[in-house]
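A.B. asks: Got a predicted model here, sequence first, then my questions.
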Amino acid sequence: MARCGAGTPFLPQLSLLLLLHLGGTLGCASVTVHPRIVPLGSAVTASCTIQRELCRGLQQEKVRIRWMLDSKLVAGSQYQGPGGTEVSNLTLPRFNHTHARLWCCVEWNGTKQRLSMAEIRAGYPPAKPFNLSCALNLSDYGLTCQWEQGTDSHLPTSVVLKYMGKPHPPPDGPQSHCSACCRSRGETVTGCTPQGGHSHCTVPRQLLHLYRQMEIWVSATNALGTAESEHLCIDPMDVAKLDPPTLQSIQSIPFQTDCIALAWDAARGTEHMELQCELRYRAPEDPAWAVRAAAGAVTGIVGRAGTAQHCGFLFGTQYHFQMRCRRNSASQMAHWSKWSPGRNYTTHEKAPTGKLDAWWGAQPAGTGGRLEVQLRWKAPGQREANGRVLGYRVTLSPRRKGRDPPTMCNTTHTQCNFSVPAGTTRVYLSAYNSAGESSPTEVVLLERKGQPPAGLRAVPRGERSLWVHWEAPLAPVIAYVLEWQRVTAEPGHCSACWQMERDGAATTALIQDGIEPFQRYNISLYPLYEDTVGVPAHTTAYSQQKAPSHAPKLHLKGISKSEAELCWEPLPVEMQNGFITSYTIFWANSITNGASATVNPSLSSFVIRGLKPSTLYKVHIMASTAAGSTNGTSLTLVTRVLDDTEIQFLFLTLGLVFVVLVVLLICFQKNERMKEQLWPSVPDPANSSLGKWVPAAVPQEPLQVLAAREPGPAISTVTVLEGEPGKQPGKEHPALPAALPALSRPYVRQEGPGEPVQYARVGGGGYRGQRLLPEPAPRFYENLRGSGGAGDWGFLEEPPATFPLLQGLRIGGAEELHE
């Protein structure tokens, strides 16, 4: 008995185990399940019966039966059966497990103890085996059959390969499948069980009936049923697996120019059989093998090789040959041998055949009245070349017996440039190999002036092909020439990028040669009329597009306070990877959200308007095609504070102000009246003539300065001179005398105790008898211009009325003051 639950206390659990162990559990509980193997999803019923007398320790306990499906608790019904038994029934309406264990448990002291268990399996009936096939190995003559098993049934399944010998073939002849009605009564069915779960089994030689019909099938059996494969009725020799033959030689038959003869040896062990063989071959450029019957029926004889002839091979072409054989019988179950080791052979050559497709261009030569011709042609196909073409020849006339025309060009290439006399309208082109030269192809140099086709367009067909469509002209067309050139930054020319459409009624053509994805092609279509060549129509196309490899680099062409002009170089066509549909300019500063503008792809510049002055912006460009977009690097720019016109106006204003100031300054310097009004001249007392009238012999007394503590007026020294008799006031003295007639006498006024203060020195004999003027209020003498120095200014304060003031003194030589 095992434990169903967990977390039960150890001592109670141990006591129950001891009780059950001492009494024994044999026959204590039993579980019955019906059925034990069921189809998946079917209902299952189970019953658990517990006999108390056989389960010691449970006699006095109340028994609670619980069910566990693996580790999951499921509910059942419980009742008391006869003889003191406890019975619980369980029904599982849908059993969805392929394999599970159903436990009957008892609940005691909070634990669930397992008493009995039953296993239940579910699955499906066996699937029907299929693709039964058998092969006889001639090395040991064992018959190995193999098949494919169907879906897994999830149940143990036994698979047996069964076979039964047939005394005679069915009345209607050999069959690949036979039904139960073709079995002969009394025949013993023998089985072969595959080992290791494989789907093949080998019947040994002693159990086989060679050259007699055998019925073979596969039987698969499990608890839910049996399934059989289709029955095969075969002769083991019909399914013999032969070894491949050996190719000995391959030769061309000169009289039958496109035929070859083959010889081979049959495999060992097939000398007594009639064989059916197949030959396959292909050229290196062929996509698939060509298969032909090597011979209808060949009797294999030791030491004798089989032979066969086959025709329809191309001239001058290398082929790879292989061969296989099987027993020639009416059974469809006969097996082919493996293909023989390959053998290469090149057929003999023949002179090229057919016409060459040629295209030309012509223009007058510089001098000599000749015509420069650029002739191009297509190499002949393998079927027309009849071998390896050694070269091409261009002549002015066709070759005739015993006469070789002048050769204009002999080359191994498919183009040639040469000059012909003006007025030449035809040249002749031919190809040659080791077997001879083709008949010449006439090339007519027509004038290009016919009606062009309309509606030319090209659309992708794949990564490396283009469909070209056009509308047929009104005039009848005999053929079209289609040209295409890859567009590159450096000019180039592809001599092989053209093709001729021989159908004059065609309005479509497929270009497959030389087309690469993400590259632009210029396509031209020329209609060929009976007597002229039409003017071509042109278009451009991509077979596949993607986003540009990179975006253009932005350059700042000009900037102002609110606008910025940007420019860029167009992308090289190799980097565009498609048709540029637009350029998008993005700009933003650190404050506002970004803005953008879409620019036509034909433009290479753009002006951003509405910018803020003195602001930093980041700008980048995005180039777009129909298949994607690519961003360029960022350009940082800062707008100006002022525009150019504003700066010019500011400088002009400042210049005008400066000029006005200079003119005014010059005017002020030259105009005395203006100068008098703005800058009046005040005489400088230091330069007054008063100082010059003082006699030289009279010593100048120093100014006695009052003590700082004594208040009083400012003290100055005044010298009084006596005027000459008869001198009128206001008259200018011509010169001062060399010496005064008498010394001046100082005039002292006592201000109080202390030292006397000297106010003036009065010369004797001058201006005597003059009356004193009324005592005026003190005033300043202003605006007195002195002649001593330019711009000298002086102020003379009138002395008090108690002292006579001298008037008529000359100050600075400009005016006289009178008392």
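C.D. replies: Nice, I can see it. Residues are numbered from 1 along each chain as shown.
A.B. asks: CA atoms only: put stretch 578-596 into CSV for me.
C.D. replies: Extracted in CSV, the C-alpha atoms of stretch 578-596 (Å, rounded to 0.1, in the frame of the first residue of the first chain):
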residue,chain,number,x,y,z
GLY,A,578,15.3,54.2,-58.0
PHE,A,579,13.5,57.3,-59.3
ILE,A,580,13.8,60.1,-56.7
THR,A,581,10.2,61.1,-56.0
SER,A,582,11.0,64.0,-53.7
TYR,A,583,13.4,65.6,-51.3
THR,A,584,12.1,66.5,-47.8
ILE,A,585,13.8,69.3,-45.8
PHE,A,586,13.5,69.1,-42.0
TRP,A,587,14.5,71.9,-39.6
ALA,A,588,14.0,72.6,-35.9
ASN,A,589,15.4,74.6,-33.0
SER,A,590,15.7,73.8,-29.4
ILE,A,591,12.4,75.6,-28.5
THR,A,592,9.8,75.0,-31.1
ASN,A,593,8.7,71.8,-32.8
GLY,A,594,10.3,70.8,-36.1
ALA,A,595,9.0,71.7,-39.5
SER,A,596,9.4,70.2,-42.9
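A.B. asks: hey, where'd the strands end up in the stretch 251-400 of the chain?
C.D. replies: 259-265, 274-282, 290-299, 306-311, 318-327, 343-346, 358-364, 370-377, 391-395 (DSSP state E, counting those that start in this stretch).
A.B. asks: of these, which approaches L642 most closely?
C.D. replies: With Cβ to Cβ, the closest approach to L642 among those belongs to strand 358-364: 60.3 Å. From N, CA and C alone the C-beta is placed, and that goes for glycine too.
A.B. asks: Show me what counts as buried in stretch 379-396.
C.D. replies: Residues 380, 384-387, 389, 392-395 are the ones in stretch 379-396 that count as buried (16 or more other Cβ atoms under 10 Å).
A.B. asks: Among those residues, which one sits closest to Q309?
C.D. replies: Looking across the buried residues of stretch 379-396 and measuring by Cβ to Cβ, the closest to Q309 is N386, at 20.6 Å.
A.B. asks: still on that earlier bit, let me know which of the strands of the stretch 251-400 of the chain is the nearest to Q669.
C.D. replies: For Q669, the closest of these is strand 358-364, at 84.1 Å, according to Cβ to Cβ.
A.B. asks: helices and strands around that closest one, which ones?
C.D. replies: Contacts defined by 3 or more Cβ pairs under 8 Å, 6 or more residues apart in numbering; DSSP states H and E place strand 358-364 against strand 370-377, strand 441-444.
A.B. asks: what bridges to Y392?
C.D. replies: T411, A431 (DSSP bridges).
A.B. asks: and it, what does it touch?
C.D. replies: With contacts defined as Cβ atoms under 8 Å, 6 or more residues apart in numbering, the neighbours of Y392 are 377, 409-414, 416, 429-432.
A.B. asks: most surrounded residue in those?
C.D. replies: When neighbours are counted by other Cβ atoms under 10 Å, A431 leads the contacts of Y392 with 26 neighbours.
A.B. asks: Who are the contact partners of that residue?
C.D. replies: Contacts for A431 (Cβ under 8 Å, 6+ apart) come out as 352, 356, 379-380, 385, 389, 391-393, 437-438.
A.B. asks: ditto for P406
C.D. replies: Counted by Cβ under 8 Å, 6+ apart, P406 has contacts 395-397.
A.B. asks: For those, give me JSON lines that also has pLDDT.
C.D. replies: As requested, these are exported to JSON lines (pLDDT from 0 to 100):
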{"residue": "T395", "pLDDT": "93"}
{"residue": "L396", "pLDDT": "90"}
{"residue": "S397", "pLDDT": "89"}
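A.B. asks: H555 and W568 touch, don't they?
C.D. replies: Yes: between H555 and W568 a contact is recorded at 6.5 Å, counting by Cβ atoms under 8 Å.
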